[in-house]
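**Q** Dropping a prediction and its sequence here:
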Amino acid sequence: MLVTIAFAGQPDRDLVLRLEPDTSLQRVREQLAALDAMAPEDRFSFRNARLAPSIEADTKLKEVIGEDAVLAVRPAPLAPEPEPEPEPEPEPDPEPVPERPPPRPAVRPDAPRAQPGEASWGLRGDDETPDLLAHLQSQLAGATVRTPDDFTALPLATVQALFAARRLDRGLRFGANPGDALFGARSPRSPVVYRHPQRPPHSGGVAFTLRWNISATASRVLHELHTRSIHNANGGGGVNGFGVAADFRRDLERLRRNEVTTIHLTDEMIVPKVLLMLDPDTDLDVAPELVEAVEDALSESSRLGQYNALHTRVFAAFGYFFPCEALLGGTRMRTLSTVSEDLQEQQQLLSGFGFGAAAKDVPTRFGPASGDIGYARGDQELLSHRQIRQLRKQSIHTIGGHPALGLTDELAKRWMAGLDAVEQWATIGHRRLVPILRFLPPRQRDRCVSVIEQFAGSRALEPHTVLDMAAYVAPLNRDLLGRIL
């Protein structure tokens, strides 16, 4: 039955419980104490009288409640308020002390805006402190994602930590030297702000969960095709009756004319996990720091000074583009290059790497023949071959995953399995690159486009970037013309 527990003089403490009529008052007191609803000094009431605690164990609930099913409780009496102390007599006013000049503020480094105890949508300004990054990385520990659907079930704090630790709020920089390590890297500062702090970004799957590419370039491929009597046939522009790609065909023709053969083998493994998607119109706002930096650059007196300031103060700090879609996961590429003059040595090398030639029902002047360009792989054969060990001058490049597992072929499968851990993810692809000027207010954006158009293609561009700045502002120019028309 439902019983109302009524506290005399304190209606805000009243509550309703489901109790059996034969329940003892002692048991009722224990239940109320477990709910933190009754103090030890409180007493049950019956006919306006307090019940002694000694009889609560022998008193049933049905004996003290009426037809209205109300159990009365008298709270403990409040302690009497202490009498106020007499106010002390006012002391005489002290003699005025001459004012001292205010002390100079101490020079302190800028403190990070995001506290180490909380994750935010991206690192802003000087927030790239080791303690903050270590804290964000610790939040990712233990989170695993095997399918894109698993990512949607992650807590919001984990998604925030991933967003901040991988700097997904930063732009992309493109300097004057494509070989520079910073070419295409994330910018130091963020050009945008995420609008929805209580909602994770949209995420989606990818077209594949694992891609393994193996390619080879060697004159032994031509030798295999010739020895199988596969000659010029109706192959539609291929080589010896095979519809191979144009660049691969050029390689084969070059190698056929060259006695000293350069053998190049590539083994690439791509493991994408999830694609994070941000809409530039509905999910992102311009960062106040970007507006201030652009205004500062446009305050230069000359147009050339404004152009140089846009590159040195704006694009170098915030990037040229913001990738609205980021592909997270890992990649591993292994390459092997060698120069060979011995035909038998070439055969052993290609055989050990698992490259062969085969075809199926290719029409030739000798009748249907079999042959195609493909591969088969055997790790044990590759590792045990004496010639392979001697000629194995290879390069391994990994992005994401555990570095120690990605450097050897024997542990490649463990490296791939380790990418289920979110803390091992890295950005392996950028899509939907949006110029950062798009996020600026229209008037400020139009001024930037005007300055860039004037100097795009001139020698003033050379020390800053290899990008075609005329093509960079072309979409923004179309938007401007659309607004005018």
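**A** Great, that's in hand.
**Q** Show me the shaky parts of the stretch 151-300 of the chain.
**A** 179, 181, 212-265 (pLDDT under 70).
**Q** Quick one: neighbours of V206, just the number.
**A** 17 (other CB atoms under 10 Å). (Glycine included, C-beta is placed from N, CA and C.)
**Q** ditto for A176
**A** Neighbours of A176 (other CB under 10 Å): 14.
**Q** Repeat that for A161.
**A** A161: 25 surrounding residues under other CB under 10 Å.
**Q** Thought L140 was touching it, still the case?
**A** Yes. The criterion here is CB atoms under 8 Å, and A161 meets it with L140 at 5.6 Å.
**Q** domains of the protein?
**A** 2-74, 130-200+281-306+442-484, 211-273+329-430 (automatic domain parsing).
**Q** Could you work out the end-to-end span of the longest one for me?
**A** With CA to CA, to the nearest Å as the measure, domain 211-273+329-430 spans 18 Å from end to end.
**Q** in the stretch 301-450 of the chain, which spans are strands?
**A** 321-340, 355-357, 362-364, 367-369, 373-375, 394-399, 426-435 (DSSP state E, counting those that start in this stretch).
**Q** mean pLDDT lowest for which of the ones you listed?
**A** Here the lowest mean pLDDT among the strands of the stretch 301-450 of the chain goes to strand 373-375, at a mean of 37.
**Q** Count the residues that sit near P40.
**A** Counted with other CB under 10 Å, residues neighbouring P40 total 9.
**Q** My error: substitute F321 in the last question.
**A** Neighbours of F321 under the rule other CB under 10 Å: 23.
**Q** which residue sits closest to F318, ignoring its sequence neighbours?
**A** Closest residue to F318 apart from its sequence neighbours, by CB to CB, 6 or more residues apart in numbering: P191 at 4.2 Å.
**Q** and the one you found, how far is that from R166?
**A** Plainly put, P191 is 16 Å away from R166 if you go by CB to CB, to the nearest Å.
**Q** which one of the two has more residues nearby?
**A** A side-by-side neighbour count of P191 and R166, using other CB under 10 Å, places P191 first with 31 against 20.
**Q** For that one, give me its contacts.
**A** For P191, the contact set (CB atoms under 8 Å, 6 or more residues apart in numbering) comprises 170-171, 286-287, 290, 318-319, 322, 436, 439.
**Q** at 7 Å instead, please
**A** Shown in contact with P191 (CB atoms under 7 Å, 6 or more residues apart in numbering): 171, 287, 290, 318-319, 322, 436, 439.
**Q** any chance of those in CSV, plus distance to D279 and neighbour count?
**A** Output for the contacts of P191, formatted as CSV (distance: CB to CB, whole Å; neighbours: other CB atoms under 10 Å):
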residue, distance to D279, neighbour count
G171, 17, 26
A287, 17, 20
L290, 18, 23
F318, 19, 26
G319, 19, 25
F322, 12, 26
I436, 16, 26
F439, 12, 21
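**Q** List just the nearest of these to V449.
**A** Nearest to V449 out of the contacts of P191 is I436 (CB to CB; 12.5 Å).
**Q** residue contacts, that closest one?
**A** Residues in contact with I436, defined by CB under 7 Å, 6+ apart, are 171, 191, 290, 318-322.
**Q** With H464 instead?
**A** Contact analysis of H464 by CB under 7 Å, 6+ apart lists 176, 311.
**Q** so where's the stretch 351-485 of the chain uncertain?
**A** By pLDDT under 70, the weakly predicted segments of the stretch 351-485 of the chain are 351-394, 460-462, 478-485.
**Q** the helices in it, which residues?
**A** 379-384, 386-391, 403-406, 412-418, 442-455, 469-484 (DSSP state H, counting those that start in this stretch).
**Q** Could you export the third one as PDB, CA atoms only?
**A** Pointing back at helix 403-406 there. Once non-C-alpha atoms are left out, helix 403-406 reads as follows in PDB (Å, rounded to 0.1, in the frame of the first residue of the first chain):
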ATOM      1  CA  PRO A 403      55.100   2.700 -33.700                       C
ATOM      2  CA  ALA A 404      57.000  -0.400 -32.400                       C
ATOM      3  CA  LEU A 405      54.400  -2.700 -34.000                       C
ATOM      4  CA  GLY A 406      54.400  -1.000 -37.400                       C
END
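**Q** Show me what it is packed against.
**A** Using 3 or more CB pairs under 7 Å, 6 or more residues apart in numbering; DSSP states H and E, the elements in contact with helix 403-406 are helix 412-418.
**Q** What are the contacting residues of the helix it packs on?
**A** Contact with helix 412-418 is made by 269, 271, 332, 401-402, 405-406, 424, as judged by CB under 7 Å, 6+ apart.
**Q** same deal with stretch 26-37?
**A** By CB under 7 Å, 6+ apart, the surrounding residues in contact with stretch 26-37 are 5, 13, 15, 17, 19, 38, 56-57, 61.
**Q** swap in stretch 161-176?
**A** Applying CB under 7 Å, 6+ apart, the contact partners of stretch 161-176 are 119-123, 133, 136-137, 139-140, 182-187, 190-192, 194, 276, 316, 318-323, 326, 422, 427, 430, 433, 436, 462-467.
**Q** which among these end up buried?
**A** Neighbour-count burial (16 or more other CB atoms under 10 Å) is assigned, among those, to 119-123, 133, 136, 139-140, 186-187, 190-192, 194, 276, 316, 318-323, 326, 422, 427, 430, 436, 464-465, 467.
**Q** List the ones among the contacts of stretch 26-37 that fall in helices.
**A** L61 (DSSP state H).
**Q** Which of the contacts of stretch 26-37 sits closest to F44?
**A** Within the contacts of stretch 26-37, distances to F44 taken as CB to CB reach their minimum at E56, with 6.9 Å.
**Q** Check what pLDDT that closest one gets.
**A** pLDDT at E56 comes out at 79.
**Q** need the contact list for it.
**A** 24-26, 29, 44.
**Q** Let's see that with 6 Å instead.
**A** Neighbour list for E56: 25-26 [criterion: CB atoms under 6 Å, 6 or more residues apart in numbering].
**Q** where's it relative to T312, distance?
**A** Here E56 is placed at a distance of 82 Å from T312 (CB to CB).
**Q** surely V434 meets F322?
**A** Yes. Between V434 and F322 there is a contact under CB atoms under 6 Å: 5.2 Å.
**Q** joint contacts of these two?
**A** By CB under 6 Å, 6+ apart, no residue touches both V434 and F322.
**Q** So for F439, what's the nearest residue that isn't a sequence neighbour?
**A** Once flanking residues are discounted, F439 sits nearest to V286: 4.0 Å by CB to CB, 6+ apart.
**Q** how many neighbours does the one you found have?
**A** Per other CB under 10 Å, the neighbour tally for V286 reads 19.
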